[in-house]
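Using only what follows, build the 3D model:
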Amino acid sequence: MAFSTTASVLCALLWCAVAGCGSRCKDVANARNALSSRSTATRSADVRVTLPFAHVNPVLANVLGNKALSVPVELTELAQLGGLAPLTATVIDVRVERGLPNAIRFATRIAVRDGERDVTELVAQIDVVPSLVRDAAGATLVVAFGPNDLVSLHPILSSDTKAQLGDMIERHIPERLRGKLPRIVLDEAASKLVQYLAGAAFDVLRRSLFVKLGELSAWRLRLPDLPIAHHTITSTDTAIVIDIVTDLPVRRGLGPARARAEPTVELSGSAAAELANWTIDRGHVPRWYDDGLVPKRDGEFTPRFDFISDDSHPLKIYLFQERGGCSYFRVGVRASIGMRGEKLDAVALDRELEAASTNPIIEVAAAVKFFLVGWTDQSKQIVARTHLEIAGHAFDAHVTSAELDRDELRFGFALTPLTERARDTMSHALPWRGRGSRVQRITRAAANAAGDAACVASLRGAASAAACAACRSGDRRRRIVW
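Residues are numbered from 1 along each chain as shown. Reported below is the predicted structural model:
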């Protein structure tokens, strides 16, 4: 026991004498300061959520199909004819489409029926300005309308509409008058009915049918937990687009929005890097790791991320040793991501050791793989925390595609019904949380294989292999050359 402690101390003292611990700590501090003091850019979006109407409308149709909405329409304007039974107004279609600037339009078709017979249709337009509601758990985009949001209501008139309304009126007038009223009288009554449906019925339906429709069509889009500085919501010809700017030090934001065929969440590469740092700082994922990349509260190493768009290796992975010694390295990575079946696949196409205060203590290739997977999977969790709720029906975002397109990460997703409520956790599936992963086993195996030789070489023969093995066992630091 005494020999092990003495060897550990001797090894550490010899190491500091040879390499200069003080200068390395300054190098680490300078690298840390340079990373935290970088300049940021003015941008329009760090994160963008795109919901194509073609994917939202089937959800609305399914909800509406499960709960038909109908109200009676009293024909008070035609009371002088006597005996006219109320018509029925039934919602047959609700669709979201492009509305006024910063608004979403609900386009609604309503069938006006006499018993089982369609008499005419009404077309309603409701413009809604979505709102973003924030709480301790995140932010929710709320799209809901009330009766006062009804912009217009008018009947669809065809060449046969007046004749159909006249026939309907004749079916309901007293039997003693049937067949005796001139056609011109029936046509005049039909014209009054059209005017009523476009005028007085507007208020009647607004106070009844559209109250129910507003409750049924309201939807809430739960956004991931992000440090949102401000946002904009727009509707294009094909989709709802939510642009989010964070209060993080992002170097470059997203480019202009483009039409997307599927629901999509996009992040600029720099935003994804800063969000990874943010989740580490908030404790959503472990901050400290040992030299085997096992998460430990008393670990010596902590990662940071950066993304420089115009660099040949834009993703920067830092690993700082801030306990039990001073060291760091920065690796630039050119990466590719995609989906392999249900699994997110992240590959380092090329990497370059760009800076180091000393020869890396942790095997670099394994560290790059470990934290690259963690970085991309953490970005994927932003999509996984996106949920849609319509009329109490919850839908989950199931990731279907992924790509790193130059300096933008893009995840496509499908809306799938939830069998149970998704729990609000940012870290339940992050690979860097686990113990004993394949990457960790690789790292430990590489360290054990090269540890003695590296230690002897680093001390330039000042200690024996046995002493360095004891040093490595005692204070758990290993110098592995990439």
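
which sections of the stretch 51-200 of the chain are below the confidence cut-off?
Low-confidence segments of the stretch 51-200 of the chain (pLDDT under 70): 75-85, 157-163, 172-175, 177, 179, 198, 200.

the helices in it, which residues?
Ranges of helices within the stretch 51-200 of the chain are 53-66, 161-172, 183-198, 200-207, based on DSSP state H, counting those that start in this stretch.

can I get those helices in a markdown table with mean neighbour count and distance to residue 146?
Glycine gets a C-beta too; all of them are placed from N, C-alpha and C. Output for those, formatted as a markdown table (neighbours: other CB atoms under 10 Å; distance: least, CB to CB, whole Å):
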| stretch | mean neighbour count | distance to residue 146 |
| --- | --- | --- |
| helix 53-66 | 16 | 17 |
| helix 161-172 | 19 | 30 |
| helix 183-198 | 17 | 21 |
| helix 200-207 | 17 | 9 |
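
For the helix or strand hosting residue 221, list every residue counted as buried.
Using DSSP states H and E, residue 221 falls within strand 219-223. By 16 or more other CB atoms under 10 Å, the buried positions in strand 219-223 come out as 219, 221, 222, 223.

so where's the stretch 351-482 of the chain uncertain?
If you take pLDDT under 70 as the line, the stretch 351-482 of the chain has these spans: 359-361, 419-482.

go with 80
Scanning the stretch 351-482 of the chain with the threshold set as pLDDT under 80 gives 358-362, 382, 384-385, 391-392, 418-482.

Now residue 290. Its backbone dihedrals?
When quoted as degrees, to the nearest 10, the phi and psi of residue 290 stand at phi -90, psi -170.

tally of neighbours for it?
Residue 290: 19 surrounding residues under other CB atoms under 10 Å.

which SS class is the closest residue in space to it that isn't next to it in sequence?
With CB to CB, 6 or more residues apart in numbering as the measure, residue 299 is the residue that lies nearest to residue 290, at 4.6 Å, once sequence neighbours are left out. When classified by DSSP: H, G, I helix; E, B strand; the rest coil, residue 299 comes out as coil.

Return the residues in contact with residue 296.
Residues near residue 296 by CB atoms under 8 Å, 6 or more residues apart in numbering: 286, 288, 289, 290.

now, which of those sits nearest residue 48?
For the contacts of residue 296, the closest approach to residue 48 (CB to CB) belongs to residue 286, at 28.9 Å.

Shouldn't the closest one be within a strand?
No: counting by three-state DSSP, residue 286 is not found in a strand; it is coil.

ok, residue 387 to residue 380 distance?
15 Å (CB to CB, to the nearest Å).

and what of residue 358?
To residue 380, residue 358 is 34 Å away according to CB to CB.

count of neighbours near residue 267?
By the criterion of other CB under 10 Å, residue 267 has 29 neighbours.

so where does it fall, helix or strand?
strand 264-268.

how about the helix or strand just after that strand: buried residues?
For strand 264-268, the succeeding helix or strand toward the C-terminus, using DSSP H and E, is helix 269-281. Neighbour-count burial for helix 269-281, counted by 16+ other CB under 10 Å, picks out 269, 270, 271, 272, 273, 274, 275, 276, 277, 278, 279, 280.

what helix or strand does residue 31 sit in?
helix 21-36.

where's that helix relative to the chain centroid, distance-wise?
Helix 21-36 sits 35 Å away from the centroid of its parent chain (CA atoms, centre = their mean, to the nearest Å).

which secondary structure elements does that helix contact?
Packing partners of helix 21-36 (3 or more CB pairs under 8 Å, 6 or more residues apart in numbering; DSSP states H and E): strand 315-321, strand 327-340.

which residues in the stretch 301-450 of the chain form strands?
For the stretch 301-450 of the chain, applying DSSP state E, counting those that start in this stretch gives strands covering 301-307, 315-321, 327-340, 343-356, 387-390, 393-405, 408-417.
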